[in-house]
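Visitor: Mind looking at a prediction? Sequence and model below.
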Amino acid sequence: MKEDVLLKLVNVKKDYDDREALKGIDLEVKKGEVVVILGPSGCGKSTLLRCINGLEKIKEGEIILKNYGSLGKDVAFEKIRGTVGMVFQSYELFPHMNVINNILLGPMKAQNRDKAEVEKQADELLERVGLKDRKYAYPRELSGGQKQRIAIVRALCMNPEIMLFDEVTAALDPEMVREVLKVILELAKNGMTMVIVTHEMEFAKHVADKIVFMEEGRIIETGKPKEFFENPKTERAKSFLESFELYK
């Protein structure tokens with residue numbers, strides 16, 4: 001594994017009963033790189049993220065994380081949950097707990113960290129995302145965009161080496177999308193390694209170091225954002241971009 005590669009997927013396959021969801025995925029993610037995965041619904045984008053995080057068991061291949069080895073073989077996925085953070089489109093906040101307790105739970109229970117130390121970090125992150133004043137609010141008192149920013153803070157408090165974002169703006173109103181994407185752009189500027197599944201094309205153009213385009217469980221095109229959006233190599237990518245009126 002190359003020195004600067006943080007995450008490597010080798011021939012990763014995943015089945016659901018008689019359907020092949022992933023058909024041999026090879027992918028490298030370098031430290032500090034932002035990889036954006038694009039493709040039509042049902043092509044395997046979200047399944048790929050869930051396999052990286054161990055939420056879905058792969059049938060074949062290897063997922064290798066630098067300094068840990070092959071996930072699920074050399075090290076259990078449970079051991080790297082904090083190292084590989086994930087944010088879902090559905091927030092996954094506990095409704096009976098306020099914001100700060102939602103954030104503190106993981107670091108204190110899974111990492112045995114001191115409450116005061118984690119709360120100090122949480123306060124700093126809440127300040128960064130503009131939600132310090134909602135520290136003691138409950139999820140029902142927050143907008144969708146606020147809940148999603150809290151979910152991001154919760155993941156960051158685990159001190160991950162890589163962040164996975166799965167369609168985090170899909171359930172949001174257009175006004176709320178901007179505030180969440182702004183947080184992710186800030187993370188990119190600060191050097192966070194990220195793999196992002198999104199349908200926000202303009203956002204993908206601005207945040208990505210590398211675009212990965214998937215179709216029917218395979219990666220069929222990879223490239224820099226400029227070349228992908230201006231001169232896609234495959235007819236399938238061209239037709240996909242045409243549906244967003246991004247390629248003529």
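Guide: All right, it came through fine.

Visitor: So what touches the longest helix along the chain?
Guide: In the chain, with assignment by DSSP state H, the single longest helix is helix 174-189. With contact meaning C-beta atoms under 8 Å, 6 or more residues apart in numbering, helix 174-189 is reached by 34, 128-130, 143-145, 148-149, 152, 156, 163, 165, 168-169, 172, 194, 196, 200, 203, 206-207. Yep, even glycine has a C-beta here, placed from its N, CA and C like the rest.

Visitor: In helices, which of those appear?
Guide: Among the contacts of helix 174-189, the members falling in helices (DSSP H) are 128, 144-145, 148-149, 152, 156, 203, 206-207.

Visitor: Name the member of those with the most neighbours.
Guide: Within these, most neighbours by other C-beta atoms under 10 Å means Gln148, with 30 neighbours.

Visitor: OK, contacts around it?
Guide: Contact analysis of Gln148 by C-beta under 8 Å, 6+ apart lists 87, 91, 168-169, 172, 176, 180.

Visitor: and with 7 Å instead?
Guide: 91, 168, 172, 180 (C-beta atoms under 7 Å, 6 or more residues apart in numbering).

Visitor: And Lys13, by the same measure?
Guide: Lys13 touches 22-24, 58-61, counting by C-beta under 7 Å, 6+ apart.

Visitor: in what helix or strand does Gly42 lie?
Guide: Using DSSP states H and E, Gly42 maps to neither a helix nor a strand.

Visitor: Kindly tell me how buried it is, as a neighbour count.
Guide: If we define neighbours as other C-beta under 10 Å, then Gly42 has 14 of them.

Visitor: quick one: pLDDT of it?
Guide: The model reports Gly42 with a pLDDT of 91.

Visitor: Also Tyr247?
Guide: For Tyr247, pLDDT reads 57.

Visitor: All the strands of the protein, in order from the start?
Guide: 5-16, 19-30, 34-38, 60-65, 69-70, 84-87, 162-166, 193-197, 210-215, 218-223 (DSSP state E).

Visitor: other SSEs contacting the fourth one?
Guide: Looking back up the chat, that one is strand 60-65. Here strand 60-65 touches strand 5-16, strand 69-70, going by 3 or more C-beta pairs under 7 Å, 6 or more residues apart in numbering; DSSP states H and E.

Visitor: so it versus strand 5-16, what angle?
Guide: On the basis of axes from the mean of the first three to the mean of the last three C-alpha atoms, to 10 degrees, strand 60-65 is oriented at 150 degrees to strand 5-16.

Visitor: Other residues contacting strand 60-65?
Guide: If you take C-beta under 7 Å, 6+ apart as the criterion, strand 60-65 is touched by 1, 7-13, 51-52, 70-71, 80.

Visitor: out of the residues you listed, which are buried?
Guide: Buried members of the contacts of strand 60-65, scored by 16 or more other C-beta atoms under 10 Å, are 7-10, 12-13, 51-52, 71, 80.

Visitor: Can you redo those as CSV, where the extra columns are distance to Glu235 and pLDDT?
Guide: Shown next, in CSV, are these (distance: C-beta to C-beta, whole Å; pLDDT from 0 to 100):
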residue, distance to Glu235, pLDDT
Leu7, 30, 97
Lys8, 29, 97
Leu9, 25, 97
Val10, 28, 97
Val12, 25, 97
Lys13, 25, 96
Cys51, 28, 95
Ile52, 29, 95
Leu71, 35, 92
Ile80, 38, 87
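
Visitor: from the residues you listed, which single one is nearest Glu28?
Guide: Within the buried ones among the contacts of strand 60-65, the smallest distance to Glu28 is 5.2 Å, found for Lys8 (C-beta to C-beta).

Visitor: Just give the number of residues close to the nearest residue to that closest one once chain neighbours are set aside.
Guide: Distances taken as C-beta to C-beta, 6 or more residues apart in numbering put Ile64 closest to Lys8, at 4.4 Å, once the chain neighbours are dropped. Ile64 sits with 19 neighbouring residues when counted by other C-beta under 10 Å.
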